[in-house]
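Undergrad: here's my sequence, what's the structure:
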Amino acid sequence: MRIQFDDYGAARTITVKIYHLILGALPTLILCATALAQTASLPPSDDDAENKSSRVLSKPYRIELLVPVNIENYLENYLDIFRAQKRKDLIQEDLYLLTDRAADNAVELLKTLGYFSARADARIDDEGDRYVIYLAVVPGEPVTVESVDIRVKGDIENDEGTMQRVNGAMRGLWQLKKGEPFTQSAWDESKRRILEYISSRSYPTAALTHSLAKVDKEKRTVALEIEIVSGPSYVFGEVTLSDFQRYPKEAIQNRISIVAGKPYLQNELRRMQSDLQGLAYFNGVVVEAIPSEKEPYIVPVEVRVEEAPYNKLDVSLGYSTNDGARIVPKYAFHNIAGRGWIFDSALDLSEKKQGGELGLQFPMRPNGYEYRLLASYHDSEIQGWTSRVGRGGIMRARTEGQIERGIVFEHLREERYNDHGRNDTLQATPLSYRWTKRAVIPPNNPRRGYVIQGEASVAVKGLATDENFVRLYGRGTHYFPVGSRHIALARVELGQTITENPEKVPTDYLFRAGGSGSVRGYDFHSLGIIDHSTTVPGRVLATGSLEYQHLVVKDWRAALFVDYGDAADRWGDWDGKTGVGIGARWLSPVGALGADLAYGIDEGNWRFYFNLGMSF
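TA: Coordinates of the predicted model:
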């Protein structure tokens, strides 16, 4: 509303009157405001404190919940009257108010589980030493899904390929199938999944524009409707990098996998972020992509980094039953010759194995491969078998999504002997190929998925090698979720070295078994060819394991397992040994900790295994 004065004199008269009115009332307003402020700042009087103290519950209360077993835990977790039991300032009026609301609270909560015809009744009794609240709930029959109507509109309708993929993905992404019970959590999760699937593939501005669950209480059914508008189709724009102070941009240029003009894919952003974050050059990486609101519909990508210092020193401390106490100091310099070449070194000092490694890592090439020069020396004494190995070589590796590939060409020289006078000096120059696929969720603490590893090595006599051999090795682990919190896993390991004269094949290209990660219930590398008190490595290996892990509390699991396997010179000599046991797993803030107590059935002995690692 607008007020307009046509007569200037009248306007001035009214303005003056209002001014005098406010001026006259001002002292009164100031006094009132001061009084209110003083009152608010005063501590409560003794009478007020005494009055409130007298109203605080003087005795506890108990809740008798009369409900079917399948919804009992749910109501106990979410009903306000249960949560209020932890309060120490609860007064009698609050308790009666919570009791009055408990029935309605329970009815509303049960709707999220699909019970739209629930009835509830609550009352409170004073039984002398405590209050007892009786809450009876009849949930009725849950509603089931009668129909599902999912409409996807927008530019995506002209994208036949993406529409086919979306329609195909519906079966796996949508949780509420026709005829199944309705729950609010499944309804919310299904909508989120469908929207996320579309917005992560060329349509980052997709939006949920309509969502409706129509409940028919008489029929006990629900009809579901959602509508998603895709928005325009987007492509990637240019990738810009923040200014570098320490390292040359050329060192990471080949790791920028996003190409301008290619369809927008959210997974490409995540993959590049993860790839860059794993580089030694950076302490932190932020990849930001903001879709344009107008044509052309592009998604420019900005990469901001926090560069790491040139020098890095780490020290890892640990203990395992296999190696004993262990300390591993590591040093790295990240910018050799100002070209982003990375020099790294490590000492491995444990009770059963000592040695050191040197490496020189080069930035990724345009074809996606990385090259690394390496040299190492290790001295170990395990099960009466002493081995001193020096090696040097070059490795070429590439990672594509979940798959890692690598080729290693190395020369090694080994001196080895046992407690009974056997002494060998040998050399080999094998060429090895390694392939690994990691498809686990989540990556750091798998609950589902698998890891497969395969290796093949070949060495030819006369080419700086004492004996022809071909070594084949494979290992696989599969993780299975059990319910919503527990895990089962199965592991299989197979290996064979094909050679006429294993005495001239390096120890690392033969096999022994036993210990943590192999066959528990037996000492580390104690399964193989027994020569007096020495375990000699053999040409064949086969082990397997089944394990169940039960979540006890957050990050803590109890384990139950059975292992079976052996190493031998020939398959005809292979004689599987069995170990069974229990264990504990803890994903601690400073590293993974595991402890197992295993019984080796064939030897009749108990053995304890422990593994802890920390980095500084």
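
Undergrad: okay, and the residue lying closest to I256 once chain neighbours are set aside sits in which element?
TA: Nearest residue to I256, sequence neighbours excluded (Cβ to Cβ, 6 or more residues apart in numbering): V239, at 5.4 Å. Bear in mind the C-beta positions are built from the backbone N, C-alpha and C, glycine included. Using DSSP states H and E, V239 sits within strand 235-241.

Undergrad: quick one: buried residues of that strand?
TA: F236, G237, V239 (16 or more other Cβ atoms under 10 Å).

Undergrad: I figured the first one hits S257, correct?
TA: I take that to be F236. No - applying Cβ atoms under 8 Å as the test, F236 and S257 come out as separate, 10.3 Å apart.

Undergrad: shared neighbours, these two?
TA: Common contacts of F236 and S257 (Cβ atoms under 8 Å, 6 or more residues apart in numbering): E268.

Undergrad: which residues does V562 bridge with?
TA: Taking DSSP bridges as the rule, V562 bridges to L546, V580.

Undergrad: distance check, it against I582.
TA: 11 Å (Cβ to Cβ, to the nearest Å).

Undergrad: also T429?
TA: From T429 to I582 the distance is 45 Å (Cβ to Cβ).

Undergrad: go on, V553?
TA: Where I582 is concerned, V553 sits at a distance of 17 Å (Cβ to Cβ).

Undergrad: T497 too?
TA: T497 is 34 Å from I582, by Cβ to Cβ.

Undergrad: give me the more crowded residue out of those two.
TA: Just comparing T497 and I582: by other Cβ atoms under 10 Å the higher neighbour count belongs to T497, 20 against 13.

Undergrad: phi and psi next, for the more buried one.
TA: phi -110, psi 120 (degrees, to the nearest 10).

Undergrad: isn't L527 up against G538?
TA: No - L527 lies out of contact with G538 (Cβ under 8 Å); the separation is 9.1 Å.

Undergrad: who touches both of the two?
TA: In contact with both L527 and G538: R512, A567, using Cβ under 8 Å, 6+ apart.

Undergrad: what about those two, which has more around it?
TA: A count of neighbours by other Cβ under 10 Å puts L527 above the other of L527 and G538, at 29 against 24.

Undergrad: beta partners for the more buried one?
TA: As assigned using DSSP bridges, the partners bridged with L527 are A513.

Undergrad: list the contacts of it.
TA: Counting by Cβ under 8 Å, 6+ apart, L527 has contacts R512, A513, G514, S518, V519, T535, G565, D566, A567, K577.

Undergrad: now for those residues, which pair is the farthest apart?
TA: Using Cβ to Cβ, the contacts of L527 reach their maximum pairwise distance at T535 and G565, which is 14.0 Å.

Undergrad: how about the strands in the stretch 501-616 of the chain?
TA: Secondary structure of the stretch 501-616 of the chain, counting by DSSP state E, counting those that start in this stretch: strands at 529-531, 534-536, 540-553, 556-568, 577-588, 591-600, 605-615.

Undergrad: low pLDDT regions in the stretch 401-550 of the chain?
TA: Along the stretch 401-550 of the chain, segments meeting pLDDT under 70 span 421.

Undergrad: could you redo the last one with a cut-off of 90?
TA: Within the stretch 401-550 of the chain, the stretches with pLDDT under 90 are 401-402, 417-424, 441-447, 483-485, 531-533.

Undergrad: same check on the stretch 51-200 of the chain?
TA: The model of the stretch 51-200 of the chain has pLDDT under 90 over residues 51-62, 65-71, 73, 83-96, 126-131, 159-173.

Undergrad: how about a cut-off of 70?
TA: By pLDDT under 70, the weakly predicted segments of the stretch 51-200 of the chain are 51-55.

Undergrad: helices of that one, start to end?
TA: Applying DSSP state H, counting those that start in this stretch to the stretch 51-200 of the chain gives helices spanning 69-78, 80-83, 92-111, 160-173, 184-199.

Undergrad: would JSON lines of those with distance to W586 be doable?
TA: Below are the helices of the stretch 51-200 of the chain laid out as JSON lines (distance: least, Cβ to Cβ, whole Å):
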{"stretch": "helix 69-78", "distance to W586": "26"}
{"stretch": "helix 80-83", "distance to W586": "30"}
{"stretch": "helix 92-111", "distance to W586": "35"}
{"stretch": "helix 160-173", "distance to W586": "33"}
{"stretch": "helix 184-199", "distance to W586": "29"}
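
Undergrad: TSV for those, including mean neighbour count?
TA: Putting the helices of the stretch 51-200 of the chain into TSV (neighbours: other Cβ atoms under 10 Å) gives the following:
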stretch	mean neighbour count
helix 69-78	13
helix 80-83	16
helix 92-111	17
helix 160-173	13
helix 184-199	17
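
Undergrad: and R557, which of those is closest to it?
TA: Closest among the helices of the stretch 51-200 of the chain, using Cβ to Cβ: helix 69-78, at 21.3 Å.

Undergrad: what angle do helix 92-111 and that closest one make with each other?
TA: When axes from the mean of the first three to the mean of the last three Cα atoms, to 10 degrees is applied, the directions of helix 69-78 and helix 92-111 differ by 130 degrees.
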